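> One predicted model, sequence on top.
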Amino acid sequence: MGLYHLLYHSQALQPFDTPALTALLQQARAFNREHHLSGLLLHTPDDRFFQILEGEEATVRTLYYDHIVADPRHHHCRLVGAGACAERSFADWNMGFRVANAQELHALLAAATPHSLVLFAPQPRVRPELLNLLLDFVAHHELESISY
């Protein structure tokens, strides 16, 4: 299998304060290093998450469907896009992190929605416009360890 990326968003069921986010990031970064995954996690102060994962398809899909979706700390886990990719967009980060506000997240999610819906598509595709917006977003905002 080849290189694959997957984007999703969800709503936390419990507050993620600085210690909880720190623990989550430490766990994710260790797992991602071990499994050769890269990506970016955005978190909003109202406890919404938006994440992109990149790596071998089987590894990314197993992580998402068997672990992330099943994680009881969040709900409304929605796939934004997934599919093969030629190269990693976030290759330098096991798991980059950035705090985003509601307007920024709304704009990113709006960019992820295709202008015309394709009926019976097996899964949404990652749109290049969204990847460009994410790259621009992190280029103009320093990545954070954790800061609130």
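Structure received.

> State the number of residues packed around residue 84.
Other residues near residue 84 come to 12 when the count uses other CB atoms under 10 Å. (Glycine included, C-beta is placed from N, CA and C.)

> going forward can the numbers begin at 43, since that is how I track them
Happy to do that; since the first residue is 43 now, the last one works out to residue 126.

> Quick test: name the residue nearest the centre of this protein.
For the chain, residue 93 is the residue whose C-alpha lies nearest the centre (CA atoms, centre = their mean; 1.0 Å).

> Nearest residue to that residue in space, ignoring adjacent ones along the chain?
Leaving aside its chain neighbours, residue 93 sits nearest to residue 83 (4.8 Å; criterion: CB to CB, 6 or more residues apart in numbering).

> Okay, and that neighbour sits in which element?
Secondary structure from DSSP states H and E places residue 83 in strand 80-85.

> which residues touch that strand?
58, 63, 67, 70, 74, 91-97, 130, 132-142, 146-147, 150, 176, 180 (CB atoms under 8 Å, 6 or more residues apart in numbering).

> A PyMOL selection for the residues you listed, restricted to the buried ones, would help me check which they are.
Typed into PyMOL, the line below selects the buried ones among those, using 16 or more other CB atoms under 10 Å:
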select buried, resi 58+63+67+70+74+91+92+93+94+95+96+97+130+132+135+136+137+138+139+140+142+146+147+150+176+180
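
> from the contacts of strand 80-85, which ones fall inside strands?
91-97, 138-141 (DSSP state E).

> residues contacting the spatially closest residue to residue 81 that is not a sequence neighbour?
Counting by CB to CB, 6+ apart, residue 95 is the residue found nearest to residue 81 once chain neighbours are left out, at 4.5 Å. Counting by CB under 8 Å, 6+ apart, residue 95 touches 47-49, 79-81, 102, 105-106.

> Now residue 50, what are its backbone angles?
phi -150, psi 170 (degrees, to the nearest 10).

> can you give me the helices in the protein?
If DSSP state H is used as the criterion, the helices of the chain fall at 60-76, 99-104, 144-154, 170-181.
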